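S.K.: Requesting a structural model of the entry that follows:
(one chain, ligands or ions: 2)
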Amino acid sequence: MSLADKIFIDMCNDILENGCSTEGEKVRPKWEDGSYAYTIKKFGVVNRYDLSKEFPAITLRRTAIKSCIDEMLWIWQKKSNNVHELISHIWDSWADETGSIGKAYGYQLGVKHKYKEGEMDQVDRVIYDLKNNPYSRRIMTNIYVHQDLHEMNLYPCAYSMTFNVTKSKNSDKLKLNAVLNQRSQDVLAANNWNVCQYAVLVHMLAQVCDMEVGELVHVIADAHIYDRHIPIIQELITRPTYDAPTFWMNPEIKDFYQFTVDDFRLDNYVTGPKVENIPVAV
Ligand SMILES: Nc1nc(=O)c2c([nH]1)NC[C@@H]1CN(c3ccc(C(=O)N[C@@H](CCC(=O)O)C(=O)O)cc3)CN21
Ligand SMILES: O=c1ccn([C@H]2C[C@H](O)[C@@H](COP(=O)(O)O)O2)c(=O)[nH]1
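M.R.: Numbering: from 1, shown residues only. Ligands and ions are numbered 1, 2, ... in the order given. Here you go, the predicted model:
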């Protein structure tokens with residue numbers, strides 16, 4: 001069993017056993033047939049992944065690592081908000097006729113801000129601080145921009161990363177840790193998808209800043225299982241599990257903007273079967 005499997009199974013059992021149901025309450029999302037998508041939810045879930053020990057992929061089912069890395073690069077590297085620049089079709093339901101998802105995600109990371117050191121966007125600000133001022137406690141991004149929410153088709157869910165550098169006694173290298181703040185999490189469709197994305201991001205930043213990877217702490221305000229996902233989750237968490245896969249990242253890449261999806265691989269990724277056609281609430 002991978003460490004991520006254990007965390008995922010414990011979180012699902014906790015939500016199913018101790019969660020609060022939104023059935024009959026006023027909710028926003030709907031299923032394709034127009035009925036309301038209710039959830040069972042837990043407030044304030046915190047999951048810690050030690051990236052120096054294992055890559056945090058679940059093995060109960062296969063996390064689509066290429067698609068999720070492609071989406072993360074779309075947001076963090078291309079800083080794009082257009083679904084035409086994305087390989088998968090997961091964002092199509094939230095795009096307008098031009099393919100835009102509005103001023104969300106990548107758009108916000110591409111906005112330049114004025115700092116004492118000059119004009120930079122939030123990603124370049126993080127890289128600058130990690131390289132020049134690693135012990136700063138101010139290294140963070142935030143894409144939940146209230147003034148632009150009216151121009152976003154879906155408000156950002158994983159909205160903030162806080163980076164924090166430590167040093168272990170037995171290594172010369174600094175260790176890069178991060179907190180991912182997420183206001184809302186669809187546990188079946190996107191939990192491990194989001195965890196793997198941000199784990200890869202920490203690996204990328206550590207490599208380009210000559211650091212080692214440390215911990216990824218995932219803070220979820222509303223961790224929910226949609227009503228139509230409950231039987232799928234119940235079956236999923238009773239499946240056999242396997243050892244964590246080995247993460248490979250091209251060691252030659254030292255510039256954050258030079259990575260492509262082909263520079264990442266999960267080796268020996270043994271998993272349970274695919275869950276076909278997961279319904280996604282819109
Ligand atoms: N209700 C809801 N849940 C989400 O997870 C979600 C949204 N809405 N809105 C925006 C994005 C889109 N996201 C998604 C949507 C679908 C999948 C999905 O169907 N994943 C498939 C694999 C897809 C592939 O292979 O490319 C899966 O099996 O997990 C994942 C993330 C995450 N976000
Ligand atoms: O990266 C993502 C993006 C979206 N989600 C999920 C979380 C919710 O189920 C919906 C968004 O609905 P809200 O009413 O705006 O909370 O999308 C995710 O888990 N991860």
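S.K.: list the buried ones in stretch 133-141?
M.R.: By 16 or more other Cβ atoms under 10 Å, the buried positions in stretch 133-141 come out as 134, 139-141. C-beta coordinates here come from the backbone N, C-alpha and C atoms, glycine included.
S.K.: gap between the two ends of that stretch?
M.R.: Stretch 133-141 has an end-to-end distance of 16 Å (Cα to Cα, to the nearest Å).
S.K.: That one: how far from the chain's middle?
M.R.: 20 Å (Cα atoms, centre = their mean, to the nearest Å).
S.K.: average pLDDT for it?
M.R.: The pLDDT scores in stretch 133-141 average 98.
S.K.: that older thread, now, the buried residues of stretch 133-141 that are in strands?
M.R.: Those of these mapping onto strands are 140-141, per DSSP state E.
S.K.: Can you name the two of the buried residues of stretch 133-141 that sit furthest apart?
M.R.: Pairwise distances across the buried residues of stretch 133-141 peak at 16.2 Å for 134 and 141 (criterion: Cβ to Cβ).
S.K.: which residues does residue 19 contact?
M.R.: 40-42, 224-225 (Cβ atoms under 8 Å, 6 or more residues apart in numbering).
S.K.: go again using 6 Å as the cut-off
M.R.: 40-42 (Cβ atoms under 6 Å, 6 or more residues apart in numbering).
S.K.: Now intersect the residues you listed with the strands, please.
M.R.: 40-42.
S.K.: Of those, which is the nearest to residue 148?
M.R.: For the ones in strands among the contacts of residue 19, the nearest to residue 148 is residue 41 (26.6 Å; Cβ to Cβ).
S.K.: Would you check that the closest one makes contact with residue 225?
M.R.: No - the criterion here is Cβ atoms under 6 Å, and residue 41 misses it with residue 225 at 7.6 Å.
S.K.: of the two, who's got more company?
M.R.: Legend: neighbour count by other Cβ atoms under 10 Å for residue 41 and residue 225, higher for residue 225 (24 against 21).
S.K.: Make JSON lines out of the ones in strands among the contacts of residue 19 and add distance to ligand 2 and pLDDT.
M.R.: Formatted as JSON lines, those follow (distance: Cβ to the nearest ligand atom, whole Å; pLDDT from 0 to 100):
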{"residue": "40", "distance to ligand 2": "12", "pLDDT": "98"}
{"residue": "41", "distance to ligand 2": "10", "pLDDT": "98"}
{"residue": "42", "distance to ligand 2": "13", "pLDDT": "98"}
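S.K.: in which helix or strand would I find the residue in the stretch 1-150 of the chain that ligand 2 sits nearest to?
M.R.: Here the stretch 1-150 of the chain gets closest to ligand 2 at one residue, residue 28, 4.8 Å apart by Cβ to the nearest ligand atom. For residue 28, there is no host helix or strand (DSSP states H and E).
S.K.: tally of neighbours for it?
M.R.: Residue 28: 8 neighbours (other Cβ under 10 Å).
S.K.: Also residue 172?
M.R.: 7.
S.K.: On the three-state scheme, it is what?
M.R.: Put simply, residue 172 is coil when judged by DSSP: H, G, I helix; E, B strand; the rest coil.
S.K.: Enumerate every residue touching residue 237.
M.R.: So residue 237 contacts 9, 12 (Cβ under 6 Å, 6+ apart).
S.K.: how about 10 Å then?
M.R.: 5, 8-13, 16, 58, 60 (Cβ atoms under 10 Å, 6 or more residues apart in numbering).
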